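# only geometry, no sequence info:
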């Protein structure tokens, strides 16, 4: 499965997830986010990442990281197990700040599972 296939399937899974939760999505690439979703009194700016395996880290650019951390109502949606039973993991953008002192090259690889675990244990 190509990177483009994974990306398309991840975005499709997020659209279904948002629809299931009463929100409609539209593409939104202006600020480096993938889509915006709107519902009753809600608006989410969404960055979508996909992976075939739930244990694999994801990659964010510094711009994506900063947008997620700083933009109000931003979310990182990580879609795992693409090609099987895809699972959508929604992470509030402000929780990206739980990554302490990211070491930047051109991108950062993060284990999103650690963010989820830290939020659960708080």
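Nice, thanks for sending it over. If you're wondering where the values come from, they're calculated on a predicted model, not measured in any experiment. Residues are numbered from 1 along each chain as shown.
# the closest residue to residue 58 other than its chain neighbours: how many residues sit nearby?
Sequence neighbours aside, residue 49 is the residue nearest to residue 58 in space, at 4.3 Å (criterion: CB to CB, 6 or more residues apart in numbering). Every C-beta, even on glycine, is put in place using the N, C-alpha and C of the backbone. Using other CB atoms under 10 Å, residue 49 has 23 other residues around it.
# cool, and residue 18?
Neighbours of residue 18 under the rule other CB under 10 Å: 22.
# right, and it touches residue 24 too?
Yes. Applying CB atoms under 8 Å, one finds residue 18 in contact with residue 24, separated by 7.1 Å.
# hey, what's in contact with both of the two?
With contacts defined as CB atoms under 8 Å, 6 or more residues apart in numbering, the residues shared by residue 18 and residue 24 are 37, 39.
# what's the span of stretch 65-84 from first residue to last?
Across its full length, stretch 65-84 reaches 28 Å end to end, with CA to CA, to the nearest Å as the criterion.
# may I see the buried residues of that stretch?
The neighbour-count check on stretch 65-84 (16 or more other CB atoms under 10 Å) flags 65, 67-69, 71, 74-80, 82 as buried.
# related to what we said a few turns ago, parallel or antiparallel, which strands does the host helix or strand of the residue nearest to residue 58 pair with?
Following DSSP states H and E, one finds residue 49 within strand 42-50. Counting by DSSP bridges, the strands paired with strand 42-50 are strand 35-39 (antiparallel), strand 74-80 (parallel).
# show me where the chain has its helices.
With DSSP state H, the ranges of helices along the chain come out as 3-20, 62-70, 112-121.
# now for the longest one, which elements pack on it?
By that I understand helix 3-20. The contact analysis (3 or more CB pairs under 8 Å, 6 or more residues apart in numbering; DSSP states H and E) places helix 3-20 against strand 24-27, strand 35-39, strand 42-50, strand 74-80, strand 87-92.
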